[in-house]
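Visitor: I'd like to go over a predicted model; first the sequence, then the structure.
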Amino acid sequence: MPTSTVENYLKAVFLRAPGTGATVSTGAMAEALGVTPGTITTMVKHLAAQGLLEHNPRAGVRLTPAGRAVAVGVLRKHRLVETFLVRVLEMDWAEVHAEAEALEHAISDRLLARIDAYLGHPKVDPHGDPIPTAQGKVPEAEKAATLADCPLKKWLRVARITDQSTAFLEFVTQAGLKPGARIQVRQREAASGVVRCDLGRGRLAVLGLPEAAKIQVRAEA
């Protein structure tokens, strides 16, 4: 069985290059995992020897089918655990990432299947990220509009939050912009970089363009 370190490395590659055959630079991996380039090089050689990665010194690394299967499995555990912690244990969605990082390496497939069934086989986690299926299929994310570029004065639903830092999730919560929220952008001021949103019932939200670009929206069902 892969160690937690191996699983973390493979998941980091997948999250930065989910497409089949896509490559990730070793520098990007080092930054994502908070380790030195030398440590990355050593681990990459180890994973390549195990048949989990392919390494091209110029292009970077990419997952083999075996490595992708491990990465997707860990990601499924992570997102289902986050969903369980938020829905069932009512933990703050800004705090569950660290807990899920630890539990994703310890939880068994049998227990995960029970959690999945108990939750009603959710398609997305609390942040709007797609949950891989038990068969290892990752739902393809449609090219989504964000509050920075969606049509003006059209009612939409918040679908996904791409910045999941604690500070940003707390801001999203306070602003009423969590996934599922009904919203329309009333005005974008290019000069000041301000986006003004209407949440209905007299509620308003004001945010900057960089923040607006981290909040994906979809058409109302």
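Guide: Yes, it's here.
Visitor: so what pLDDT did the residue positioned nearest the centre of the chain get?
Guide: Centroid check for the chain by C-alpha atoms, centre = their mean gives Asp129 as the closest residue, at 5.0 Å. Asp129 is assigned 95 on the pLDDT scale.
Visitor: Work out for me the element Arg62 sits within.
Guide: Per DSSP states H and E: Arg62 is located in strand 60-63.
Visitor: Pull out the buried positions in the helix or strand following that strand.
Guide: Note on strand 60-63: by DSSP H and E, the next helix or strand toward the C-terminus is helix 65-87. If you call a residue buried by 16 or more other C-beta atoms under 10 Å, then helix 65-87 has these buried ones: 67-68, 70-87. C-beta here means a position set from N, CA and C on the backbone, and glycine is covered the same way.
Visitor: average pLDDT across the strand holding Arg62?
Guide: Across strand 60-63, pLDDT averages out at 94.
Visitor: helices or strands up against it?
Guide: Counting contacts by 3 or more C-beta pairs under 8 Å, 6 or more residues apart in numbering; DSSP states H and E, strand 60-63 packs against helix 4-16, helix 26-33, helix 37-49, strand 53-56.
Visitor: Compile the ones you listed into a markdown table and extend it with columns for distance to Phe171 and mean pLDDT.
Guide: Output for the helices and strands packed on strand 60-63, formatted as a markdown table (distance: least, C-beta to C-beta, whole Å; pLDDT from 0 to 100):
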| stretch | distance to Phe171 | mean pLDDT |
| --- | --- | --- |
| helix 4-16 | 22 | 94 |
| helix 26-33 | 23 | 91 |
| helix 37-49 | 32 | 93 |
| strand 53-56 | 36 | 92 |
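Visitor: Nothing else from me, thank you.
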